[in-house]
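Asker: The sequence and its predicted three-dimensional model are supplied below.
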Amino acid sequence: MKRVAVLPVAIAALVGVIVGMTLPSVRAQGGTVPEVREVPRPPSAKDVRGPTPYLPVENEPPPRLFVDEPLPDGLNNGIVWIQYRTENCRILPVFGKSAVNLSPRAGHLHVHVDDVPWLWADASDLNTVDIGGMPPGEHKVLIELVDPNHQVYPGQARTVKFTVPQAASHAH
């Protein structure tokens, strides 16, 4: 059994000796040793998607909401697409007091259009708020990142202003 364990060590030592003898002879002949370059590693799932939902996050940083300007492609048809992303908060259809303590943190969006007295909750995590049938003119959309108890996370509300052109068609 000891011979089996010694064999890999002997092979590794032999390879080291051969490489050690080869490199000086390559240099002596005026040759160059090829440069070894590290290949960059692609981002991990955790880098892109955040922490796993199976383990609590210690000292979880505050949630953040990022909202883009509306995509221009649909405005001529009265369609508004506003892309968003969150950090340190998963968009999930979970609600109520007990869900407030989830870790990693969960929440959803509240979407307000213009100054109408109602809103809707979006827990789909499709990364795009989709509003159809917008009449021509100036509009504003307020998007809030809220906890499962519908309370806005501090500082996490964004207003987007845009204009639907007068020539907008509402035939969908």
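Answerer: Yes, it's here.

Asker: which intervals of the protein have sub-threshold pLDDT?
Answerer: Across the chain, residues meeting the criterion (pLDDT under 70) sit at 1-33, 168-172.

Asker: quick one, strands of it?
Answerer: Applying DSSP state E to the chain gives strands spanning 64-67, 80-87, 90-91, 106-113, 120-122, 128-131, 137-146, 152-164.

Asker: any idea which of those strands is most buried?
Answerer: Most buried of the strands of the chain, by mean neighbour count (mean count of other C-beta atoms under 10 Å): strand 106-113, with a mean of 20. Quick note: C-beta positions are derived from backbone N, CA and C, even for glycine.

Asker: got the angle for it vs strand 152-164?
Answerer: On the basis of axes from the mean of the first three to the mean of the last three C-alpha atoms, to 10 degrees, strand 106-113 is oriented at 40 degrees to strand 152-164.

Asker: Can you spell out which helices and strands pack onto strand 106-113?
Answerer: Contact here means 3 or more C-beta pairs under 8 Å, 6 or more residues apart in numbering; DSSP states H and E; on that basis strand 106-113 packs against strand 90-91, strand 120-122, strand 128-131, strand 137-146.

Asker: Indicate each strand paired with the second one and its parallel or antiparallel sense.
Answerer: Strand pairing for strand 120-122, determined by DSSP bridges: strand 106-113 (antiparallel).

Asker: now the third one
Answerer: Sheet neighbours of strand 128-131, with direction, are listed as strand 80-87 (antiparallel) (DSSP bridges).

Asker: Show residues contacting the partner strand.
Answerer: Strand 80-87 is contacted from outside by 50, 61, 63-71, 73-74, 107, 109, 127-132, 134, 139, 141, 143, 145, 158, 160, 162, 164, using C-beta atoms under 8 Å, 6 or more residues apart in numbering.

Asker: Next: stretch 61-75.
Answerer: For stretch 61-75, contacts defined as C-beta under 8 Å, 6+ apart pick out 80-89, 105, 107, 141, 143-145, 153-154, 156-158, 160, 162-165, 168.

Asker: If we use 7 Å, what do you get?
Answerer: Stretch 61-75 has contacts (C-beta atoms under 7 Å, 6 or more residues apart in numbering) with 80-89, 105, 107, 143, 145, 153, 156, 158, 160, 162, 164-165, 168.

Asker: Also stretch 39-55?
Answerer: Contacts with stretch 39-55, where a contact means C-beta under 7 Å, 6+ apart, come from 57, 104.
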